[in-house]
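>>> Sequence and predicted structure, then a few things I'm wondering about:
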Amino acid sequence: MDCAVKIDNLSKLYGKKEALSNIDLKVEKGEMFGIIGPDGAGKSTLYKIMATLLLPDSGKASIFGLDTVRDYRKLREKIGYMPERFSLYQDLTVAENLNFFASLFGVKIKDSYDLIAPVFSQLEKFPNRKAGALSGGMKQKLALSCALIHRPAILLLDEPTTGVDAISRNEFWEMLSKLRERDITILVSTSYMDEANRCERIAMINKGRILEVGTPQNLVSRIGENLFNAVGENMFRLLSELRVMPEIEDCYTFGSTLHIVAKKGFNPARAKLELEEKGLKGISIYPAKGDIEDLFIKLTRNEEM
Amino acid sequence: MKIRILKALLCKEIALMRRNPIIPKMIVAMPLMVMLVLPLVANLDVRNVGVTIVDNDRSQLSRRIIYDIQMATSLTVTKVCDTHNEAMLTVENGKADVILTIPPDYSKLLLSGGSKVDIEANGVNATKGMLGANYVAQSVAGTLKQWREEMGVDLTPETEKVSVLNKYNPTLNFRNYMIPALMVVLLIIICGFVPTLNLVNEKETGTIEAMNVTPVSRFIFVLSKLIPFWVVGLFVITVGMLIGRLVYGLTPHGNILAIYCATILFSLVMSGLGVAIANNSSTMLQSIFVMFAFIMVFQLMSGLFTPIRSMPEWAQCVTYAIPPRYYIEIMRSIYLKGTPVSELWQPYTILFIFAVSFSIIAAMTYKKQS
């Protein structure tokens, strides 16, 4: 009963393809928990099971001690689920959508207004606009308002920031932190690795398996000290030369630079000289601070090997 | 609480239906078009039968026979020729449907007791051929009867004269038979397709996911999909009856409320079926395809266009399982005969059972979890 979400050995098959295999997960009450993984990792399947929409093939999931299969009726009153796809009625107006979901849960908007105000305030200017005519960011705010209308104890947000511009994404995360202050447990999934730092704890998921769980800081520290940035005039040649160097474990493009995962005994100055002998110009190699994406690449590479 | 949820769901359905750019227009335009155009077009009365006559007699009588055929409303003389081969040509190139051969010395032989004209019909269009041959025979018989009376030799015994009175549809107007049937067709299509597409659309656009995590029970949800189509069904039938009255002068002889009552039951049957099909399909394409299969059978096997009695026996048994059979029976009885409801309790009961069971199936097949 202590944790908000408890998932034990959960598996789900689509035909023969394993969408989730042996997932174990615990989310504490009031936590902002991120589920990070690429497209097709099984995030949405996991969300559908938690939202009582999909039955697992084995294992069990419970939210606040309520089983997602057995106690689905009680559970539906407690969860606010926002599916990956915009799922409000596009031909209904902003106000109609909100009123509609309020009536389905038997609540009045003014009773929950304090909760949705930070999200909904921007939409109030155009209550009569059809939901389908809203911008991507506004749609997500409306969907979040509708998911909050019955004061759920936990929010299940499936990729809420996908397809939303950078400014709206930032705004959206700020709203979530405000909700977090009101003791709502928030489970948010994303395929943007840079959003991981917004969460208190994250689970990294790939191909239906959980790779790591922990705080972003903790996870990043596991990358170790042997991460370097490399830049040069001819980035493509630099990449192929670095990859064949014996003291380098891995090298991949990272934004405008290259990240080098080095083995012990790697000396940046010596590597630079070596490369310059081969005719490469403008080389600089310096220590890098890794982030979640580096860890993700590391973990998935290990898995492939 | 439940009533409030249902009310909210219904308000949503109505708002969405009204804002749909096509559906409200179709619900009005389709009954108008079907009721205004189809009774004129979908007509089994046979007109303009072309007749080629091989006149081997060339007497006053044969000329009268030809003249009378020319005058008959549904017959036109295509050609009068000398040989049968020549006449066959007119049938082969599609100009004539019936050949009438008058034998040599017909009028002389007829007075002395025995001779026959020969009527041949093109059977490619069976109805036209059969009716055309009948019309020609009737016309010839009429001419002969008149001729005999003039000659003072009425050979037909008094007892053989038959007079026919058609009850309920005295002029045997095919339109009167078709108008109630067309209203049933409208109801089958509108109340069958619109709820199916409506629900599959919610699946395709994903709105059903947000619906499914709410505590709304599936019975209430399905009910909110069925009720709007009672209203649509009643509207369609009202338009149909108004056009029947104003354009074709056909008023129901029986109780209009009884028609409405049957209509509500039948809309439930069709929309229940539609929702059940939608529950089991994941795309519009699938649901339309399945619905079409049902609608084909419903239209052709319910006695809408062809009488059930003339189907093979096994097919007649199958028709008992086809809901529109009962609705069309009620519609025609009330419309044309003015049958009181008390005599129609049987089809009403069966329709009621169908309505209840289809609604239950619709609710049972709707699954919030997969």
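That came through, no problem. Numbers count the residues shown, from 1 in each chain, chains lettered A, B, ... in the order given.

>>> Can you name the residues that contact the spatially closest residue to A:Tyr72 that is not a sequence neighbour?
Counting by C-beta to C-beta, 6 or more residues apart in numbering or on different chains, A:Tyr72 lies nearest to A:Thr52, which is 3.9 Å off, once chain neighbours are set aside. Where C-beta positions appear, they are placed from N, C-alpha and C, glycine not excepted. Contact analysis of A:Thr52 by C-beta atoms under 8 Å, 6 or more residues apart in numbering or on different chains lists A:Thr68, A:Val69, A:Tyr72, A:Leu75, A:Arg76, A:Ile79, B:Val213, B:Lys368, B:Gln369.

>>> Just read off the phi/psi values of A:Thr52.
A:Thr52 adopts backbone torsions of phi 70, psi 20, taken as degrees, to the nearest 10.

>>> Secondary structure and neighbour count for the contacts of A:Thr52 - can I get that in JSON lines?
As requested, the contacts of A:Thr52 are exported to JSON lines (DSSP: H, G, I helix; E, B strand; the rest coil; neighbours: other C-beta atoms under 10 Å in any protein chain shown):
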{"residue": "A:Thr68", "secondary structure": "coil", "neighbour count": "25"}
{"residue": "A:Val69", "secondary structure": "coil", "neighbour count": "15"}
{"residue": "A:Tyr72", "secondary structure": "helix", "neighbour count": "19"}
{"residue": "A:Leu75", "secondary structure": "helix", "neighbour count": "23"}
{"residue": "A:Arg76", "secondary structure": "helix", "neighbour count": "22"}
{"residue": "A:Ile79", "secondary structure": "strand", "neighbour count": "24"}
{"residue": "B:Val213", "secondary structure": "coil", "neighbour count": "25"}
{"residue": "B:Lys368", "secondary structure": "coil", "neighbour count": "19"}
{"residue": "B:Gln369", "secondary structure": "coil", "neighbour count": "14"}
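
>>> out of the residues you listed, who's nearest B:Leu75?
Nearest to B:Leu75 out of these is B:Lys368 (C-beta to C-beta; 66.0 Å).

>>> pLDDT at the nearest residue in space to that closest one that is not next to it in sequence, what is it?
Nearest in space to B:Lys368, with sequence neighbours left out and distances taken as C-beta to C-beta, 6+ apart, is B:Asn212 at 4.5 Å. Predicted confidence (pLDDT) for B:Asn212: 88.

>>> what's the answer for B:Met284, then?
Looking at B:Met284, its pLDDT reads 92.

>>> List the residues that contact it.
The contact partners of B:Met284, by C-beta under 8 Å, 6+ apart, come to B:Leu197, B:Val200, B:Asn201, B:Glu204.

>>> The third one: neighbour count?
Using other C-beta atoms under 10 Å in any protein chain shown, the number of residues around B:Asn201 comes to 16.

>>> cool, and the second one?
When counting by other C-beta under 10 Å, one arrives at 24 neighbours for B:Val200.

>>> isn't it right next to B:Leu285, touching?
No: the pair B:Val200 / B:Leu285 is not scored as a contact, 9.2 Å apart, by C-beta atoms under 8 Å.

>>> okay, and the common contacts of the two?
Shared contacts of B:Val200 and B:Leu285 (C-beta under 8 Å, 6+ apart): none.

>>> Can you tell me, leaving aside adjacent residues, what's nearest to the one residue in the stretch 201-305 of chain A that gets nearest to chain B?
For the stretch 201-305 of chain A, the nearest residue to chain B under the criterion C-beta to the nearest C-beta is A:Gly208, separated by 17.9 Å. Distance criterion C-beta to C-beta, 6+ apart; nearest residue to A:Gly208, sequence neighbours excluded, is A:Gly42 at 4.2 Å.

>>> A:Leu55 should be in a strand, yeah?
No: according to DSSP: H, G, I helix; E, B strand; the rest coil, A:Leu55 belongs to no strand; its state is coil.

>>> so where's the stretch 1-150 of chain B uncertain?
Across the stretch 1-150 of chain B, the ranges flagged by pLDDT under 70 are B:1, B:44-45, B:113.

>>> buried stuff in the helix or strand hosting A:Glu171?
For A:Glu171, the host element (DSSP states H and E) is helix A:166-180. Buried positions in helix A:166-180, judged by neighbour count with 16 or more other C-beta atoms under 10 Å in any protein chain shown: A:Ser168, A:Arg169, A:Glu171, A:Phe172, A:Trp173, A:Met175, A:Leu176, A:Leu179, A:Arg180.

>>> export the residues you listed to JSON lines and tack on pLDDT and distance to B:Gln316?
Converted to JSON lines, those look like this (pLDDT from 0 to 100; distance: C-beta to C-beta, whole Å):
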{"residue": "A:Ser168", "pLDDT": "88", "distance to B:Gln316": "66"}
{"residue": "A:Arg169", "pLDDT": "90", "distance to B:Gln316": "67"}
{"residue": "A:Glu171", "pLDDT": "89", "distance to B:Gln316": "69"}
{"residue": "A:Phe172", "pLDDT": "90", "distance to B:Gln316": "65"}
{"residue": "A:Trp173", "pLDDT": "92", "distance to B:Gln316": "69"}
{"residue": "A:Met175", "pLDDT": "90", "distance to B:Gln316": "67"}
{"residue": "A:Leu176", "pLDDT": "91", "distance to B:Gln316": "67"}
{"residue": "A:Leu179", "pLDDT": "89", "distance to B:Gln316": "66"}
{"residue": "A:Arg180", "pLDDT": "88", "distance to B:Gln316": "70"}
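
>>> Now the two most distant members of those.
Using C-beta to C-beta, the pair of those lying farthest apart is A:Ser168 and A:Arg180, separated by 18.6 Å.
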